[in-house]
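1. give me a 3D structure for the following:
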Amino acid sequence: MVIQLYGWKNFVIGINIGITGFLLVHAIIHPKVWGIPSTDITRLFLLINAFLNLKLAHVISTKHKSKYSVKN
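-> I've put the predicted structure just below:
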């Protein structure tokens, strides 16, 4: 995977956690998404996306190292 080859793994994990925080704050304070008229559906949509983004960060952080990863 490109992330493991060039050492971008920690950067991608940090970006995913940051986006998760943004989605959670947006879901709590001002839940508006273009194309979704209901506030409750918008809040649910943002919370599900935040959960999936956090799960992606977890999967990336716990994935076994590839045989092509560069050793420092």
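2. show me the contacts for the residue positioned nearest the centre of the chain.
-> By CA atoms, centre = their mean, the chain has its centre lying nearest to residue 53, at 2.7 Å. Shown in contact with residue 53 (CB atoms under 8 Å, 6 or more residues apart in numbering): 16, 19, 20, 23. (Each C-beta comes from the backbone N, C-alpha and C, glycine too.)
3. between those residues, which is closest to residue 61?
-> Of all the contacts of residue 53, residue 16 has the smallest distance to residue 61: 9.2 Å, by CB to CB.
4. thought residue 61 was touching that closest one, still the case?
-> No: Residue 16 lies out of contact with residue 61 (CB atoms under 8 Å); the separation is 9.2 Å.
5. quick one, which of these two is more surrounded?
-> Ranked by neighbour count (other CB atoms under 10 Å), residue 16 and residue 61 place residue 16 first, with 20 against 13.
6. related to what we said a few turns ago, quickly find the element holding the residue nearest to the centre of the chain.
-> Taking DSSP states H and E as the criterion, residue 53 maps to helix 39-62.
7. what pLDDT, on average, does that helix get?
-> Averaging pLDDT along helix 39-62 gives 91.
8. what comes up buried for it?
-> 42, 43, 45, 46, 49, 50, 53, 54, 56, 57, 60 (16 or more other CB atoms under 10 Å).
9. list phi and psi for residue 8.
-> According to degrees, to the nearest 10, the main-chain angles of residue 8 amount to phi -90, psi 10.
10. that one: how many residues sit nearby?
-> Residue 8 has 13 nearby residues by other CB under 10 Å.
11. where's it relative to residue 54, distance?
-> According to CB to CB, to the nearest Å, residue 8 stands 19 Å off from residue 54.
12. how about residue 62?
-> Per CB to CB, residue 62 is found 13 Å from residue 54.
13. how much space between residue 11 and residue 20?
-> Residue 11 is 15 Å from residue 20, by CB to CB.
14. which of these two has more residues huddled nearby?
-> residue 20 (19 against 11).
15. next, the contact list for that one, please.
-> For residue 20, the contacting residues are 50, 53, 54, 57, by CB under 8 Å, 6+ apart.
16. please apply the same query to residue 19.
-> So residue 19 contacts residue 53 (CB under 8 Å, 6+ apart).
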